[in-house]
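Asks: build me a model from this:
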Amino acid sequence: MSHLRSALLSVLVLAALLMAACVSSQPFDRPPLPDDRMYEGDALDLTGSAGSDALPSMPEPVGGMRAIQSEVRYPPSARRAGLEGQIRLQFLVAPDGKAYNVEVTGQRGFPRGADAKALDDMEYEAKRVIYESSWIPGMRDNDAVPVRMSWPVSFRSN
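Replies: As a prediction, the model looks like this:
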């Protein structure tokens, strides 16, 4: 009888833990990305062969690359699929220190045939992080100027 009681208690504890895990796991929230963040006009293009001496000071994220990476939320769909890799983005850093025209230009490290939903969630998350980040704009002759650039966002399950 005591074996039956301890087995029943074990099953109840396991069921409670599973229910708590289901309740505590947050769904991947995908609020709309800014649709008003298109920058019209000329910008210096640093995605090609312009070289690092094209500007006296290049745009950089406030807090550095670590600040951007610390804001990345690993999508649950990507975790379930076991995906790790890098999403490369191209965007414009405007004189106001915001990112505009964020586009995915490539992926690195993902296997062929990887889960399409997981990849889509990762691309969304990479764009979200860039849109929400603050940038120190590129400067030329002591004036902030719009600069088109490329940036990687990495996804690692730690």
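Asks: rest of the way, CA atoms for contacts and neighbours
Replies: OK.
Asks: retrieve the pLDDT associated with Arg88.
Replies: What the model reports as pLDDT for Arg88 is 97.
Asks: please tell me how far it sits from Asp29.
Replies: 21 Å (Cα to Cα, to the nearest Å).
Asks: and for Phe155?
Replies: For Phe155, the distance to Asp29 - Cα to Cα - is 17 Å.
Asks: sorry, back to before: who's more crowded, Arg88 and Asp29?
Replies: Neighbour count, other Cα atoms under 10 Å: between Arg88 and Asp29, Arg88 has more, with 19 against 10.
Asks: which parts of the protein are helices?
Replies: In the chain, the segments counted as helices under DSSP state H are 2-24, 64-70, 76-81, 116-132.
Asks: just checking, what packs against the shortest one?
Replies: Pointing back at helix 76-81 there. helix 116-132 (3 or more Cα pairs under 8 Å, 6 or more residues apart in numbering; DSSP states H and E).
Asks: mind listing what's buried along the helix it packs on?
Replies: Buried positions in helix 116-132, judged by neighbour count with 16 or more other Cα atoms under 10 Å: 118-119, 121-131.
Asks: what mean pLDDT does it have?
Replies: 96.
Asks: ok, residues contacting that helix?
Replies: 30, 33-34, 68, 71-75, 77-78, 81, 83, 87, 89, 98-100, 102-104, 153, 155 (Cα atoms under 8 Å, 6 or more residues apart in numbering).
Asks: show me the residue at the heart of the chain, geometrically.
Replies: With distances taken as Cα atoms, centre = their mean, the residue of the chain nearest its centroid is Ala126 (2.5 Å).
Asks: any weak-confidence spans in the protein?
Replies: 1-27, 46-55 (pLDDT under 70).
Asks: the same query, at a cut-off of 80, please.
Replies: For the chain, the stretches flagged by pLDDT under 80 are 1-29, 35-37, 41-56, 158.
Asks: no more questions from me, cheers.
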